[in-house]
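J.: just a sequence and a predicted model for now, questions to come.
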Amino acid sequence: MQDSFVELLKLLLPEIIVEYFELTSYKKGEDILHLYLKEINSIPKEYRQYKLSSKGFFDEITIQDFPIRGHQVYLYITRRRWLNEDSGQVVFRDWNLVTDETRVTQEFASFLKEINRFQA
């Protein structure tokens, strides 16, 4: 059942979200869906050669995503950070989830740009 739930999420959310985040909770309002996601504790590929330890999370960010069945969708994303025990630096994944100067996913921004192309 868990595998089919993940497959369903892949149809609804950007693939990068499903791959690197877990859905921790959700709230459904009359016309809004709130999805709460937390980054899984999987060390980024670019840091696998270092000794890292999980050191909590950054503050939650909110991103608007594609509407689903007439509901606005908001993703509440909590990103993880790690401590590089060799250098003492805090490291994290370089997510490009939010387009410049907007609070929507890049996929959603591309979608909006595309539909605006067809308006007279």
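T.: Received the coordinates, thanks.
J.: doesn't Leu11 lie inside a helix?
T.: Yes. Assessed with DSSP: H, G, I helix; E, B strand; the rest coil, Leu11 lies in a helix.
J.: and it, how many neighbours?
T.: 9 (other CB atoms under 10 Å). Where you see a C-beta, it was placed from the backbone N, CA and C, and this is true even at glycine.
J.: measure Lys38 to Glu85 for me?
T.: According to CB to CB, to the nearest Å, Lys38 and Glu85 sit 23 Å apart.
J.: again, but for His71
T.: His71 is 43 Å from Glu85, by CB to CB.
J.: tell me which of those two has more neighbours.
T.: His71 (14 against 11).
J.: my guess is Leu75 contacts Glu60. True?
T.: No. Applying CB atoms under 8 Å as the test, Leu75 and Glu60 come out as separate, 10.0 Å apart.
J.: helix/strand/coil for the most centrally placed residue in the chain?
T.: Closest residue to the average C-alpha location of the chain: Ile17 at 4.3 Å, with CA atoms, centre = their mean. Under three-state DSSP, the three-state class of Ile17 is helix.
J.: more neighbours, Leu75 and Glu60?
T.: The neighbour comparison of Leu75 against Glu60 (other CB under 10 Å) goes to Leu75, with 23 against 13.
J.: report pLDDT for Ile61.
T.: Model confidence at Ile61, given as pLDDT, is 86.
J.: looks like it contacts Ile77 (just checking).
T.: Yes. Here Ile61 reaches Ile77: they are 5.3 Å apart, a contact under CB under 8 Å.
J.: quick one: the closest residue to the residue nearest to the centre of the chain other than its chain neighbours and Gly88, what's the gap?
T.: Spatially, and ignoring its direct neighbours in sequence, Ile17 is nearest to Leu37 (6.3 Å; CB to CB, 6 or more residues apart in numbering). Noted for Leu37: a distance of 29 Å to Gly88, by CB to CB.
J.: more neighbours, those two?
T.: Leu37 (23 against 7).
J.: can I assume the more buried one sits in a strand?
T.: Yes. Per three-state DSSP, Leu37 lies within a strand segment.
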